[in-house]
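Student: Mind folding the following:
(one chain, ligands or ions: 1)
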Amino acid sequence: MASIFTMIVEGKIPSYKIAEDDNYYAFLDINPLAKGHTLVIPKKEVDYIFDLDDETYLGLGAFAKKVAVAIKKAIPCQRVGVAVLGMEVPHTHIHLVPLQSENDLNFKNKKLNLSQEEFTTIASQISAAL
Ligand code: AMP
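Tutor: The predicted structure follows:
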């Protein structure tokens, strides 16, 4: 069965899309640690990031960098933190999280409860900064 993120890429499940090309897709995390918390994925469905072929792995990093630069422009933050966990969804994804302090990248923190309007606004602000 396709992963939930493949269903997002295929448009079968909605997402707050930030960016897309032939091989990669970026969208807002639905349970964000901070406003602008974004997930970047390869469209190719591979569970563990270090099982990706080199070309896809390197392309994912380059795509994530573009998105991170846009997040930094659009969302007030000191820098954008990067994390890879994959404990929940078995489809490689990079978390990009706007940080004000080290503690903002603690996944045990309470997640933000944002409205649809807030998610839509944040996604369009980041997209516009690409
Ligand atoms: P992990 O696999 O541990 O890196 O966590 C998976 C992440 O995906 C969590 O931060 C979830 O909030 C996020 N997530 C799960 N389902 C969705 C979805 N449908 N849209 C956006 N983010 C999601």
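Student: okay, CA-based contacts and neighbour counts for the rest of this
Tutor: Noted.
Student: Quickly list what the residue nearest the centre of the chain is bridged to.
Tutor: Most central in the chain under Cα atoms, centre = their mean is residue 39, positioned 1.3 Å from the mean C-alpha point. With DSSP bridges as the criterion, residue 39 is bridged to residue 27, residue 95.
Student: got the contact list for it?
Tutor: Remark: with contacts taken as Cα atoms under 8 Å, 6 or more residues apart in numbering, residue 39 is in contact with 26-29, 93-96.
Student: at 10 Å what do you get?
Tutor: Residue 39 makes contact with 5, 17-18, 25-30, 32, 64, 67, 82-84, 92-97 under the criterion Cα atoms under 10 Å, 6 or more residues apart in numbering.
Student: For the ligand, tell me which of those show up nearby.
Tutor: With Cα under 6 Å from any ligand atom as the criterion, the subset of these in contact with the ligand comprises 28-30.
Student: in this protein, which spans are helices?
Tutor: If DSSP state H is used as the criterion, the helices of the chain fall at 4-9, 54-74, 116-128.
Student: Can I get the ones you listed in JSON lines including mean pLDDT?
Tutor: What follows is the helices of the chain, written out as JSON lines (pLDDT from 0 to 100):
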{"stretch": "helix 4-9", "mean pLDDT": "98"}
{"stretch": "helix 54-74", "mean pLDDT": "98"}
{"stretch": "helix 116-128", "mean pLDDT": "98"}
